[in-house]
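Student: Below is the sequence, then the predicted model.
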Amino acid sequence: MLIESRMSSDPELAALMAAEQRELREAGGGLDGQTFRPHDDARYLVGVLGGRAVACGAIQALDRETAEVKWMYVRPAHRGQGLARQILGALEELALRSGHTVLRLETGSHLPGAIQLYLSSGYAEIPVYGEYVDNPYSICFEKRLPVLA
């Protein structure tokens, strides 16, 4: 899979976001009408296979040391192929290159595959933080990134 940096206004990125939001609403993910909107200060990566955007993710700085994985998605037809792990690894590298040594993220309690991905990638569960505090479906994780030599 080729992983490319994209602008928040990219139409393929928007299509992936719309697909993810539809899927979460159908799964009863506790969105209650909420939708994800791109953040201009986030950095987006898109995974491309056969010329088609099939996976994506983003990081956003929380502070000088910490960045947050704001979003990850893989189209259903491409799951089980390690693409999410590749996107997560690329987001970790991007965070390190940006000077961050800690990466945090939030996922939903109804997404056991995502939870397993994060745990198997070295993330540890932490208390719910920030905008997720009042969401009963939120589970948060954190990983200290190895400092590049």
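Tutor: Structure received.
Student: For this structure, give the helix that spans the most residues.
Tutor: The longest helix of the chain (DSSP state H) is helix 11-27.
Student: What pairs with the next helix or strand after it, parallel or antiparallel?
Tutor: Using DSSP states H and E, the helix or strand that follows helix 11-27 in sequence is strand 43-49. Applying DSSP bridges, strand 43-49 is found paired with strand 2-6 (antiparallel), strand 52-61 (antiparallel).
Student: Tell me which helix or strand in the chain has the weakest average pLDDT.
Tutor: For the chain, using mean pLDDT, DSSP states H and E, the weakest element among its helices and strands is helix 11-27, scoring a mean of 88.
Student: buried ones in it?
Tutor: By neighbour count with 16 or more other CB atoms under 10 Å, helix 11-27 contains the buried residues 13, 16-17, 20-21, 24. In short, each C-beta sits where N, CA and C put it, glycine included.
Student: Check which helices and strands it sits against.
Tutor: For helix 11-27, the contact count by 3 or more CB pairs under 8 Å, 6 or more residues apart in numbering; DSSP states H and E identifies strand 43-49, strand 52-61, strand 66-74 as packing neighbours.
Student: Nice, that's everything, thank you.
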